[in-house]
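Novice: Sequence and predicted structure are below.
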Amino acid sequence: MPQLYTKNGRPLQRHGNRLFAGSGIYLGTIQGRYVFDTAGQYAATIDGDRVVHRSIDSARISIPTISGPRVGLAMVNALPAAILGEEPSFPN
């Protein structure tokens, strides 16, 4: 499983089907190529190694989830990507 980054290059942590910010904050679950936040609302789409928000996918919903935080990453940001979509509104 490849390392994931936001559109602007912030590193994310993937643990199974759960997604965490680089700092370890739980962001939500991964279902296929979509990320759903803790309330079950669409948060982002996975495109290669990037996670971007696409308004065309925003009608998707899932079930609410919870998880404890993880240890933060000690990684540098990647270069921003020129792909369709916006930077997701994930906390650092």
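Specialist: Done, it's in.

Novice: ok, and for stretch 39-59, which residues are buried?
Specialist: By neighbour count on 16 or more other C-beta atoms under 10 Å, the buried set for stretch 39-59 is 42-46, 50-54, 57. For every residue, glycine as well, the C-beta is placed using N, CA and C.

Novice: Including pLDDT, could those go into CSV?
Specialist: Converted to CSV, the buried residues of stretch 39-59 look like this (pLDDT from 0 to 100):
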residue, pLDDT
42, 96
43, 95
44, 96
45, 96
46, 96
50, 95
51, 96
52, 96
53, 96
54, 95
57, 92
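
Novice: Find the pair from those with maximum spatial separation.
Specialist: Using C-beta to C-beta, the two most remote members of these are 42 and 50, lying 16.2 Å apart.

Novice: Find the nearest non-adjacent residue to residue 49, please.
Specialist: Excluding the flanking residues, the one nearest residue 49 by C-beta to C-beta, 6 or more residues apart in numbering is residue 2, at 4.7 Å.

Novice: From residue 50, how far out is that neighbour?
Specialist: Separation of residue 2 from residue 50 (C-beta to C-beta, to the nearest Å): 10 Å.

Novice: just to revisit the earlier point, from the buried residues of stretch 39-59, which single one is nearest residue 68?
Specialist: residue 43 (18.7 Å).

Novice: Shouldn't that closest one be within a helix?
Specialist: No. Going by DSSP: H, G, I helix; E, B strand; the rest coil, the assignment for residue 43 is strand, not a helix.

Novice: List the contacts of residue 47.
Specialist: Contact analysis of residue 47 by C-beta atoms under 8 Å, 6 or more residues apart in numbering lists 33, 83-85.

Novice: which of the residues you listed has the weakest pLDDT?
Specialist: Minimum pLDDT for these is recorded at residue 84 (87).

Novice: So, low pLDDT: which residues of the chain?
Specialist: For the chain, residues meeting the criterion pLDDT under 70 lie at 1.
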